[in-house]
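Asker: What follows is a predicted structure for the sequence shown.
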Amino acid sequence: MGREKRAASAMDAPDRDPSHRQSDGMPQKRFYRARAHSNPLNDCQFPVPVSPVEQDWAEHFPAFFPSDPSVAPLADDAKVRMVDVGCGFGGLLMQLSPLFPKDLMVGMELRDKVSEYVKERILASRKNHPGEFENVSCLRTNAMKYLPNYFEKGQLTKLFFLFPDPHFKAANHRRRIVTRTLLAEYAHFLQVGGTLYTVTDVPELGDWMSEACDNHPLFERLTQEELDVDPCIPLLTTATEEGQKVARNEGVRCMNVFRRISPEGL
Amino acid sequence: MPRRAKTETAKKERNAKQQHNPNFQEEHFVAPFPVLAFHPSESLVALAYGKSVRICNPSTGSLASPTADEDKLQHSETIRTLAFSENGEFLVSAGDDKLVKVWKTADWKCSSTWRSPKKVSSIAFSKDGKWVFFSNKFGEVHAGTCSSAPPPQDAEASSTGASSEPPLGYLLFGHCCSIVTDTKVTSDGKYLISADRDEKIRVSKVPREPEKGAHEIQSYCLGHRSFVSCLAIPSNIGASRLLSAGGDGTVRLWCPEDGTLLDTLALTEGARALTEGDAEDADEDPACSAVVAMATGAGGVVAVLLERSPDVFLMQLESVGDGHRLVLRQRLRCSPILAPCSVTFDLQQRIWVAGLSSVKTAEEDQDTGSESVTLFVASPTGNTGAAEEPLYKPLTTADLSIGDKRVLPMHQVAQSLGACFGSLSTTALELEEEGMTVGGPVPLMGGLTKRKISEAEREKNKANRLDKRMKT
């Protein structure tokens, strides 16, 4: 009931814009609020490409795959290199975009409304800043199940897991996004030397994720010196909505970063 | 409306929905179905139905059954999968009771027992026959040793007196939250292939030390439009190849090394083409039928069973240039089997099909309503070249296996092996009394299909959402 009431008041808000956008075209978050959690084990009810070949990236990155042959693409042979798993409202993507203008990056978000918001946000940003944000996009998908449907072996250079759902109950641990079995999949899609970032404000989950990665033969921890020179590191805790909230509340941050390695004799 | 009343109606509605959802059929998870396996080098066929396994030597007709030293370590629930190791040393059986039992074929004694955290769906042996890999319904694949060496964690458990339960297998890898339907090891022994309900086939490298897990993925074979139900490894065709079949009614040929799709055969279309000349079968349309079982024999022959079809479909891998393509060759009625469940080739390249047929009353030839395990055997006709000639013909009473002095008529072997389970049809009756449906169209597949929501329906569901409402 409460939810409906809130929805109604948002509808009747006197300042509402029929296009539910702010004056600069950016979508308003309040129309896209969704539950904080989504069950990743459900059968999906959204379209998923059968294989990476069938995924149409041109729709997501029109500047890199122009339909008009006379227009030169921003980069030749562009491929998605970075993935923000569980991108939420897309804060990290928007800040990463200018850092790596030639690399395509996508956010994966399971909640439909939230992914709609990120798509609108990217479109509005592209309009407001012509030539920028052409390399970011968002997919509504379940990264736990469908990474193989989007990417080829060794295609990715960076994988981000920022403030994932902690799933405290032992029965729900298999819903956690960083587990021993899923790390094998992430290792498959990360190229050797690629980086996997995990950040959380839940110490229990931080321990779980760092233990899983430390014990995995295909990942090794980055040293402090390597972390200091990585341009992504400062963004991890400041770029996202969740990260800012943690900073506001002066919560703990567990950041663990790992490199994909290829040891002999497995 | 008060909230409680509302939730109660919702619950009722949900229950009603589940009953009406054709995919939600509990008996599909419960009903036992016969499973066949053939020894790789000796004339031995193993058949499991319900909780029991029987092994028969078709040359002598002698029967055996594996025996566990302790009664409590026998299978207590339906066996779903059976396999012989490639060297013929072991037979393994596993199923709904979550136990994986490895039997020595020499004396049919239990060599080792492993426990799976969830119901076992399929098993495969490593190339050297030292390890057994078993998958479960939560998407995990575990490994266990075949020989009796007790794993260290078991010693710890028994010393603390915690339990006398068999040890859990070593976790190799997992398909995230999806039922693993079949596992196979490639003929070169390098890759472990696992198929799941989410249309995926995963090719993992078999690790040197399986107790530490299999972390390296070689490739994914993606192309099926529905769940993948079975895998098969074609032998003697040179390069390492893989066949898969599934809920979309197609058989696909893959190169497991890089996951490329080499050929696709849509069985539903091909089957229709085969029936065109056959007027009496024309009304039976296996369209959209899922593939239930698949087996490969020598000469690139592939036998496939479809859900809701009493026939076995035979196809052949034909060499074209430097590759192969699948050609549908023959459709053979497995009478009197109504619901074929399992298919395998024997050493003489005969096809064995196990299934359920309805039991007729002796006098009036009427269905009694109960079902019994029946075997059907077909032998090769010797035609391999001409495309129009049939590849196989059903064995009749006149056929005898040749080349052995102590031959038995094949149909007799099939009958006597099936008759072992005559007593088992009492198992079936018992189950029925317990309120479980036995037999039925075909097992397993009902639980694998997913509810499909059309684009229009999805948009309709979203229509009331705030962000959508504001947009229009």
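Answerer: Great, that's in hand. Numbering: from 1, shown residues only, chains lettered A, B, ... in the order given.

Asker: Pass me the low-pLDDT residue ranges in the stretch 101-250 of chain B, would you?
Answerer: By pLDDT under 70, the low-scoring segments of the stretch 101-250 of chain B are B:149-164.

Asker: Let me see the contact set for whatever residue of it ends up closest to chain A.
Answerer: Residue of the stretch 101-250 of chain B nearest chain A, by C-beta to the nearest C-beta: residue B:174 (3.2 Å). Glycine gets a C-beta too; all of them are placed from N, C-alpha and C. Residues near residue B:174 by C-beta atoms under 8 Å, 6 or more residues apart in numbering or on different chains: A:179, A:181-182, B:138-141.

Asker: swap the cut-off to 10 Å and go again
Answerer: By C-beta atoms under 10 Å, 6 or more residues apart in numbering or on different chains, the contact set of residue B:174 is A:174, A:179-182, A:184-185, B:135-136, B:138-142, B:180, B:194, B:202, B:213.

Asker: can you check residue A:175 too?
Answerer: Residue A:175 touches A:37-41, A:144, A:164-167, A:169, B:176-177, counting by C-beta under 10 Å, 6+ apart.

Asker: now do 7 Å
Answerer: A:40-41, A:167 (C-beta atoms under 7 Å, 6 or more residues apart in numbering or on different chains).

Asker: Also near chain B: which of the residues you listed, exactly?
Answerer: Among the contacts of residue A:175, the residues that sit close to chain B (C-beta under 7 Å from any C-beta of the partner chain) are residue A:41.

Asker: Using neighbour counts, trim the contacts of residue A:175 to the buried set.
Answerer: A:40, A:167 (16 or more other C-beta atoms under 10 Å in any protein chain shown).

Asker: re earlier: what sits closest to the residue of the stretch 101-250 of chain B closest to chain A if chain neighbours are left out?
Answerer: Spatial nearest neighbour of residue B:174, chain neighbours left out: residue A:181 (3.2 Å); criterion: C-beta to C-beta, 6 or more residues apart in numbering or on different chains.

Asker: what's in contact with the helix or strand hosting that neighbour?
Answerer: According to DSSP states H and E, residue A:181 maps onto helix A:180-189. With C-beta under 7 Å, 6+ apart as the test, helix A:180-189 has contacts from A:144, A:147, A:151, A:153, A:155-156, A:159, A:196, A:212-213, A:216, A:218-219, A:260, B:173-174, B:176, B:215, B:217.

Asker: Cross those residues against helices and list the overlap.
Answerer: Judged by DSSP state H, those include A:144, A:147, A:212-213 as members of helices.

Asker: Which of these lies at the shortest distance from chain B?
Answerer: Once C-beta to the nearest C-beta is applied, the member of these that ends up nearest chain B is residue A:144, at 4.7 Å.

Asker: Pull the number of nearby residues for the closest one.
Answerer: Residues lying near residue A:144 (other C-beta atoms under 10 Å in any protein chain shown) number 23.

Asker: How about residue B:353?
Answerer: Residue B:353, neighbours per other C-beta under 10 Å, totals 28.

Asker: Mind listing the residues bridging to it?
Answerer: residue B:343, residue B:376 (DSSP bridges).

Asker: list the contacts for it?
Answerer: Contacts of residue B:353 (C-beta under 7 Å, 6+ apart): B:312, B:334, B:337, B:340, B:343, B:375-376.

Asker: cutoff 10 Å now
Answerer: B:34, B:36, B:293, B:295, B:303, B:305, B:310-312, B:332, B:334, B:337, B:340-344, B:374-378, B:394, B:414.

Asker: Please apply the same query to residue B:127.
Answerer: B:85-87, B:185-190, B:206.

Asker: again, but for residue A:244
Answerer: Residue A:244 touches A:91, A:237-238, counting by C-beta under 10 Å, 6+ apart.

Asker: and the helix or strand hosting residue B:461, is it in reach of chain A?
Answerer: Residue B:461 is part of helix B:455-462 when elements are defined by DSSP H and E. Yes: Helix B:455-462 is in contact with chain A by C-beta under 10 Å from any C-beta of the partner chain, via B:455, B:457-458, B:461-462.

Asker: Just to be sure, which of the contacts of residue B:353 are found in strands?
Answerer: The members of those that map onto strands under DSSP state E are B:36, B:293, B:295, B:303, B:305, B:311-312, B:332, B:340-344, B:374-378, B:394.

Asker: Buried ones among those residues?
Answerer: The buried subset of these (16+ other C-beta under 10 Å) comprises B:36, B:293, B:295, B:303, B:305, B:311-312, B:332, B:340-344, B:374-378, B:394.

Asker: Go through chain A and flag its longest helix.
Answerer: What stands out as the longest helix in chain A, according to DSSP H, is helix A:112-128.

Asker: Tell me the helix or strand right after that one.
Answerer: Following helix A:112-128 toward the C-terminus (DSSP H and E): strand A:136-140.

Asker: ok now that following strand, how far from the chain's centre?
Answerer: 8 Å (C-alpha atoms, centre = their mean, to the nearest Å).

Asker: before we move on, what about stretch A:198-213?
Answerer: Worked out by C-alpha atoms, centre = their mean, stretch A:198-213 lies 17 Å from the chain centre.

Asker: what pLDDT, on average, does it get?
Answerer: For stretch A:198-213, the mean pLDDT works out to 93.

Asker: And it, what's buried?
Answerer: Using 16+ other C-beta under 10 Å as the test for burial, stretch A:198-213 gives A:198-202, A:205-206, A:208-210, A:212-213.

Asker: what ranges do the helices span in chain B?
Answerer: B:3-20, B:27-30, B:152-159, B:267-275, B:410-420, B:424-433, B:455-462, B:466-471.

Asker: number of nearby residues for residue B:236?
Answerer: That count, for residue B:236 with other C-beta under 10 Å as the rule, works out to 11.

Asker: Could you measure from the closest residue in space to it that isn't next to it in sequence over to chain A?
Answerer: Distances taken as C-beta to C-beta, 6+ apart put residue B:298 closest to residue B:236, at 6.4 Å, once the chain neighbours are dropped. Plainly put, residue B:298 is 32 Å away from chain A if you go by C-beta to the nearest C-beta, to the nearest Å.

Asker: quick one on the thing from earlier: avg pLDDT for the helix holding residue B:461?
Answerer: 81.

Asker: in the stretch 251-400 of chain B, what spans have low per-residue confidence?
Answerer: Residues of the stretch 251-400 of chain B that meet the cut-off, pLDDT under 70, sit at B:269-288, B:358-371, B:384-388, B:396-400.

Asker: again, only using 90
Answerer: B:266-292, B:297-300, B:306-312, B:316-341, B:346-400 (pLDDT under 90).

Asker: What of chain A?
Answerer: Using pLDDT under 90, chain A drops low at A:1-47, A:66-78, A:88, A:102, A:112-113, A:131-132, A:171-175, A:234-254, A:263-266.
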